[in-house]
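# Fold the following, please.
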Amino acid sequence: MTIAKSFALSAAAVAFSFVLPAISAAADISGAGSSFIYPVFAKWGDTYKKETGIGLNYQSIGSGGGIKQIEAKTVTFGASDKPLSDEELDKNGLTQFPMVMGGIVPIFNVEGIKPGELVLDGKTLSAIYMGTITAWDDPAIKALNPSLTLPSQPIIVVHRSDGSGTTFNFTDYLSKVSPEWKDKIGSDTAVEWPVGLGAKGSEGVANTVKQTAGGIGYDEYAYAAQNNLSYAKMENAAGKIVAPSLDSFASAAANADWAGSKNFHVIITNQPGDASWPIAASTWVIIHKAPDDAAAVADALKFFDWAYTKGTGAAKDLDYVAIPDNVVKLIEASWSKDIMAGGKPVFVAGK
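Okay, the predicted model is just below:
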């Protein structure tokens, strides 16, 4: 694990600001949305600024906020961990494409239990979030963890309070493994949580769990590792116990049919495969097809092109799965076809 070396982000700093500053505001590429992708955008933005002089101003406000801002044209691009439907894209003249893939992990704060020691499965995790499992020494948790000494301690559930693609993927997974969850709660960027404390952003969930004895939450793996939070292993769709890792995220992504999916609309939770992490997720960039500021969009697409080709190492260092080269070719071909100004593509990769 090289997260601590690759990207240092203090909890105190993110509590006050989610903006990546750039020296020259006029050259900034503006974006907003997903906090899932924030760590790698921060790393990419810093490196790209040094290489090109062009900065990245990205607001980590949650996928829901990013969608609202790109629809209102207050930023050049939005980022969401929930893909927009064909109807939503067409209605607002938008297009979308995946930027990275990664994993969402259950995080917890139970004294004496180290990262990766606790095992959970979908049925138990959904019962915890339904409020029907309320103590750490519940028989269902003990059955999954016979070698652990679990305390008789209340479970304090933590969830996102803002509109969040991380919440969408987490609740999509719970809906797939629990018919009760699907019927009563469902899946979306925001749901009516039966129990728990709300916290804003991935950073807020991480900090709340870290400060709450007996707490449990869900977060992007980079945040869990970066904040030294304990995370659980999971039983996957194949019935295997797996740890969150680049390999298990990649296994989950391996069956994704990007080429056969309109508007790159693929959800990769609860995928088959012995090695697959069950709560894998993607982040999509959302951008206008006929932008008012073609130059700003061209700058953004140049940055994304750079990230696909030169940013893969940084993405992997932060435990994200880079978009495969064959999918990148599909994405960049879509740019030339879909993102136009004056009858011409705003940006053509490789030229």
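# From the structure, what's the count of residues near residue 243?
15 (other Cβ atoms under 10 Å). Every residue, glycine included, has its C-beta placed from N, CA and C.
# if I look at the nearest residue to it once chain neighbours are set aside, how far off is residue 218?
Leaving aside its sequence neighbours, residue 243 sits nearest to residue 233 (Cβ to Cβ, 6 or more residues apart in numbering; 5.0 Å). Residue 233 is 14 Å from residue 218, where distance means Cβ to Cβ, to the nearest Å.
# Specify which residue of those two has the higher count of neighbours.
Counted by other Cβ under 10 Å, residue 233 and residue 218 do not tie: residue 218 has more neighbours, with 29 against 22.
# Might you calculate how far the one helix or strand the more buried one maps to sits from the centre of the chain?
Using DSSP states H and E, residue 218 maps to strand 215-220. The chain centroid and the centroid of strand 215-220 are separated by 13 Å, computed with Cα atoms, centre = their mean, to the nearest Å.
# Run through the neighbouring helices and strands of it.
strand 94-108, strand 156-160, helix 165-177, helix 201-211 (3 or more Cβ pairs under 8 Å, 6 or more residues apart in numbering; DSSP states H and E).
# Remind me what the shortest one packs against, helices and strands.
So that's strand 156-160. Strand 156-160 is packed against helix 122-130, helix 165-177, strand 197-199, helix 201-211, strand 215-220, with contacts defined by 3+ Cβ pairs under 8 Å, 6+ apart.
# Lowest average confidence across those, which one?
Here the lowest mean pLDDT among the helices and strands packed on strand 156-160 goes to helix 201-211, at a mean of 91.
# Give me the contact list for that helix.
Helix 201-211 is touched from outside by 11, 14-15, 18, 35-36, 38, 60-62, 107-109, 158-162, 164, 166, 197, 199, 215-220, 223-224, 227, 229, with contacts defined as Cβ atoms under 8 Å, 6 or more residues apart in numbering.
# and if we set it to 7 Å?
The list of residues contacting helix 201-211 from outside it, by Cβ atoms under 7 Å, 6 or more residues apart in numbering, reads 11, 14, 35-36, 60, 62, 107-109, 158, 160, 162, 166, 197, 199, 215-220, 223-224, 227, 229.
# now those: which count as buried?
For the contacts of helix 201-211, a burial check counting by 16 or more other Cβ atoms under 10 Å picks out 14, 35-36, 60, 62, 107-109, 158, 160, 162, 166, 197, 199, 215-220, 223-224, 227, 229.
# the longest helix in this protein is where?
Secondary structure of the chain read by DSSP state H shows that its longest helix is helix 294-310.
# Pull out the buried positions in it.
Using 16+ other Cβ under 10 Å as the test for burial, helix 294-310 gives 294, 296-308.
# now do stretch 237-244
Buried, per 16+ other Cβ under 10 Å, within stretch 237-244: 237, 242, 244.
# what do you get for stretch 186-193?
187, 188, 189, 190, 191, 193.
# now what about the longest helix of the chain, what contacts it?
Residues contacting helix 294-310 (Cβ under 7 Å, 6+ apart): 29, 44, 48, 54, 56, 76-77, 285, 287, 291, 323, 328, 332, 335, 339, 341, 346-347, 349.
# Now that helix: average pLDDT?
On average, the pLDDT along helix 294-310 is 97.
# Likewise for stretch 52-62?
For stretch 52-62, mean pLDDT rounds to 94.
# before we move on, the earlier item: would you list the helices and strands packed on strand 215-220 in CSV and tack on distance to residue 257?
Putting the helices and strands packed on strand 215-220 into CSV (distance: least, Cβ to Cβ, whole Å) gives the following:
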stretch, distance to residue 257
strand 94-108, 12
strand 156-160, 29
helix 165-177, 17
helix 201-211, 28
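# Quick one, which of these gets closest to residue 87.
Residue 87 sits nearest to strand 94-108 of all the helices and strands packed on strand 215-220, at 11.0 Å, using Cβ to Cβ.
# and the residue nearest to residue 196 when sequence neighbours are not counted, how many neighbours?
Leaving out its chain neighbours, the residue that sits closest to residue 196 by Cβ to Cβ, 6+ apart is residue 157, at 3.3 Å. When neighbours are defined as other Cβ under 10 Å, residue 157 has 24 of them.
# can you pull the contacts of residue 157?
With Cβ under 7 Å, 6+ apart, residue 157 has these contacts: 128, 129, 195, 196, 197, 216.
# My read is that the first one contacts residue 215, right?
What that stands for is residue 128. No - the criterion here is Cβ atoms under 7 Å, and residue 128 misses it with residue 215 at 11.3 Å.
# Strands of the stretch 1-150 of the chain, residue ranges please.
Applying DSSP state E, counting those that start in this stretch to the stretch 1-150 of the chain gives strands spanning 29-33, 56-60, 77-80, 94-108, 119-120.
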